[in-house]
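Chemist: need a structure here:
(one chain, ligands or ions: 2)
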Amino acid sequence: MATKTKFQAIRGTRDLLPPETALWNRVEQTAHEVFATFGFGEIRLPVFEPTDLFARAVGGETDIVSKEMYTFTNPTSLAAMVREIEKGGSASSEMGTLADMLPEAEMISLRPEATASVCRAYIEHNMQQLPQPVKLYYMGPMFRRERPQKGRYRQFYQIGAEVLEVARREAAEHDWEKEVRKDAAIDAEVIEMLMTFFAKLELAGTTLYINSIGHNGPDCRSVYMGKLYNELLKIKGKLGADSQRRIATNPLRILDSKLESEQSYIEKLPHMADYLCPGCAAHYAALKHQLEMRGVIYRENWRLVRGLDYYMRTTFEITAQGLGSQNAVCGGGRYDGLVELLGGPPTKGIGFAIGEDRLILSLLESAKAPAQQGRDVYIAWMGERAHATAIRAAKDLRKAGFSVELPPVEQKFGKALGQADKLGAKYALILGDHEVSEGLWTLKTLADGSQAKYTEPELLEHLRKSKAVSS
Ligand code: ATP
Ligand code: MG
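Modeler: Numbering: from 1, shown residues only. Ligands and ions are numbered 1, 2, ... in the order given. Modelled structure (predicted):
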């Protein structure tokens, strides 16, 4: 006998349900509003892209690309290969089998982040021809095959923004100090926008950490990396397996380690700040000055390196309360050169990504979430004539912006009032045949049980006024 299958959401994914979705909407609405005041426009991107885009942009050695992506062969590409083989008929021997051709099939991945896609879109749509800088923001699901836990999911949501600007070499050579100050002002404004957004949401206990990781040049990070590598070799035996492996693959990430036993050794490693070239040092100093001018409070954290390869100079992270060890709600940084790496013109970039799931968790923890959204009016009707009036009343009230529950069948008034209470309705509008013929409708305030009679226009007016007072 067939057993009944009970379907469940796949591990690491989840359903977002009301009333929590109301909070998601409020967060997203606030992002639309705040980002617009800073001149950002929304970009909507595909959820999957060529795997190579992420490998190139995020970096092949990062955890994200090396083990966390959902990658598959593009079925269209497979079908094309099958057609090729079939067309070839007997001559297909030199084309080989599908298995031989498979390595050439196009691989696609669900996006683990969106900066790479924004850069791809900037190039694809020649956005360097628009007035610069181009300021874009996005929101939507991202996918990473990580171990699910509180604040860490396999499908999670990010709200992010990017500022992209054609790099003018002459400008940089003519007056590099001015250029550095301009970039730092852009970085600071992006961070200011972020903090404005969090403040508007009343997100509690936020801390902004900043750092500079210099640039990938022989007079800057390369010197530091050499130094760091030598020091890491000296303490290799004291480090955990992950960090030992990273000495060869991604030594900067070791600074990011949370492993307790390594901390005392990592604390003594050299700091990037002591190796910044004059340009990067001036940029970092200007960033701090710019943040101060904007009243943005920050803390420096020399170990903040971020997990993606493309960052340079500014990196930042924001933590919030109530999140346990997954307490970073936002990460970001500057990534000059990434657009060029993806085949575009020399371009500067700075951006951030907010973990929306964690942001919501933190808002829920600090009880800044709105109470359950109840109905404004529950219409308790009885009788055929009353039904017609109830339908019209519901239409008018909804048009005026009230949330109305209109039961599909008539109920005894006692039961209807109980139902209204359960739904958290503010008012019950009582419509029986008597009220309809009298032209006087009874409105019951559920909080205190008081009731009063109104004509139809009076009732609308009364509800409008009470709404204006409460909102
Ligand atoms: P962490 O290591 O703290 O998860 P990350 O360095 O991988 O962060 P980014 O790639 O910079 O994070 O992404 C920016 C933000 O997206 C993070 O600060 C976090 O809030 C959120 N985020 C990242 N991965 C996940 C995930 N698997 N589930 C939920 N949120 C995530
Ligand atoms: Mg991560």
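
Chemist: Just the pLDDT at residue 286, thanks.
Modeler: Among the per-residue scores, residue 286 shows a pLDDT of 98.

Chemist: What values do phi and psi take at it?
Modeler: According to degrees, to the nearest 10, the main-chain angles of residue 286 amount to phi -70, psi -40.

Chemist: The closest residue to residue 254 other than its chain neighbours: which element?
Modeler: Take residue 254 and drop its neighbours on the chain: the residue closest to it by Cβ to Cβ, 6 or more residues apart in numbering is residue 243, 4.7 Å away. Every C-beta, even on glycine, is put in place using the N, C-alpha and C of the backbone. Using DSSP states H and E, the secondary-structure element containing residue 243 is helix 241-249.

Chemist: Could you list the buried residues of the helix or strand following that helix?
Modeler: Moving toward the C-terminus from helix 241-249, the next helix or strand (DSSP H and E) is helix 263-266. Judged by neighbour count using 16 or more other Cβ atoms under 10 Å, the buried positions of helix 263-266 are 265-266.

Chemist: what's the answer for stretch 388-396, then?
Modeler: Along stretch 388-396, the positions that meet the burial threshold by neighbour count (16+ other Cβ under 10 Å) are 389-390, 393-394.

Chemist: Filter those down to the ones in helices?
Modeler: Among those, the members found in helices (DSSP state H) are 389-390, 393-394.

Chemist: gap between residue 26 and ligand 1?
Modeler: Relative to ligand 1, residue 26 is positioned 18 Å away (Cβ to the nearest ligand atom, to the nearest Å).

Chemist: going forward, begin numbering at 319 instead of 1
Modeler: Yep, numbering from 319; the last one is residue 344 now.

Chemist: Check that residue and give its pLDDT.
Modeler: 96.

Chemist: so does the strand ranked longest in the chain get close to ligand 1?
Modeler: As assigned by DSSP state E, the longest strand anywhere in the chain is strand 473-484. Yes. With Cβ under 6 Å from any ligand atom as the criterion, ligand 1 is reached by strand 473-484 at 474, 476.

Chemist: Show me what that strand is packed against.
Modeler: Using 3 or more Cβ pairs under 8 Å, 6 or more residues apart in numbering; DSSP states H and E as the contact criterion, the secondary-structure elements in contact with strand 473-484 are helix 338-355, helix 433-442, strand 452-461, helix 494-518, strand 665-673, helix 674-683.

Chemist: go again using 7 Å as the cut-off
Modeler: If you count contacts as 3 or more Cβ pairs under 7 Å, 6 or more residues apart in numbering; DSSP states H and E, strand 473-484 packs onto helix 433-442, strand 452-461, helix 494-518, strand 665-673, helix 674-683.

Chemist: burial of the residue of the stretch 469-618 of the chain at minimum distance from ligand 1, as a residue count?
Modeler: Among the residues of the stretch 469-618 of the chain, residue 474 lies closest to ligand 1, at 3.4 Å counting by Cβ to the nearest ligand atom. Neighbours of residue 474 under the rule other Cβ atoms under 10 Å: 21.

Chemist: Not counting sequence-adjacent ones, nearest residue to the residue in the stretch 669-789 of the chain positioned nearest to ligand 1?
Modeler: Across the stretch 669-789 of the chain, no residue is closer to ligand 1 than residue 673, which sits at 2.1 Å (Cβ to the nearest ligand atom). The spatially closest residue to residue 673, leaving aside those adjacent along the chain, is residue 647, at 5.5 Å (Cβ to Cβ, 6+ apart).

Chemist: Does that neighbour touch residue 635 like I think?
Modeler: No. Counting by Cβ atoms under 7 Å, residue 647 does not reach residue 635; the two are 8.7 Å apart.

Chemist: what residues does this protein put near ligand 1?
Modeler: By the rule Cβ under 6 Å from any ligand atom, the part of the chain lying against ligand 1 is 431, 462, 464, 469-471, 474, 476, 624-625, 644, 646-649, 671, 673, 675-676.

Chemist: what sits up against stretch 768-779?
Modeler: Residues outside stretch 768-779 that contact it (Cβ atoms under 7 Å, 6 or more residues apart in numbering) are 714, 718, 757-762, 780.

Chemist: List the buried residues of it.
Modeler: Residues 772, 777-778 are the ones in stretch 768-779 that count as buried (16+ other Cβ under 10 Å).

Chemist: could those residues go into TSV alongside pLDDT?
Modeler: Converted to TSV, those look like this (pLDDT from 0 to 100):
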residue	pLDDT
772	95
777	94
778	90
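
Chemist: In helices, which of those appear?
Modeler: Judged by DSSP H, helices contain the following of those: 777-778.

Chemist: and of the buried residues of stretch 768-779, the nearest to residue 458?
Modeler: The shortest approach to residue 458 among these belongs to residue 778, at 39.4 Å (Cβ to Cβ).

Chemist: Beyond the lowest-mean-pLDDT helix or strand in the chain, next helix or strand please.
Modeler: The least trusted helix or strand in the chain, going by mean pLDDT, DSSP states H and E, turns out to be helix 410-413, with a mean of 57. In the C-terminal direction, the helix or strand that comes right after helix 410-413 (DSSP H and E) is helix 416-419.

Chemist: CA atoms only: put that following helix into CSV for me.
Modeler: Backbone C-alpha positions of helix 416-419 (Å, rounded to 0.1, in the frame of the first residue of the first chain) are rendered in CSV as follows:
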residue,chain,number,x,y,z
LEU,A,416,27.5,12.9,-24.0
ALA,A,417,29.8,11.9,-21.2
ASP,A,418,32.8,13.2,-23.2
MET,A,419,31.1,16.5,-24.0
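
Chemist: Just checking: what are the partner strands of the following helix or strand past it?
Modeler: Moving toward the C-terminus from helix 416-419, the next helix or strand (DSSP H and E) is strand 425-428. Strands adjacent to strand 425-428 in the sheet, as given by DSSP bridges, are strand 366-368 (antiparallel), strand 389-391 (antiparallel).

Chemist: what's around the nearest residue to residue 522 once chain neighbours are set aside, how many residues?
Modeler: By the measure of Cβ to Cβ, 6+ apart, the closest residue to residue 522 outside its immediate chain neighbours is residue 684, 4.1 Å from it. Applying the criterion other Cβ under 10 Å, we find 15 residues in the vicinity of residue 684.

Chemist: Nearest spatial neighbour of residue 526, chain-adjacent residues omitted?
Modeler: With sequence-adjacent residues excluded and distances taken as Cβ to Cβ, 6+ apart, residue 526 is closest to residue 616, at 4.6 Å.

Chemist: The nearest residue to residue 461 once chain neighbours are set aside - how many residues pack around it?
Modeler: Leaving aside its sequence neighbours, residue 461 sits nearest to residue 428 (Cβ to Cβ, 6+ apart; 3.9 Å). Other residues lying near residue 428 total 21 when counted by other Cβ under 10 Å.
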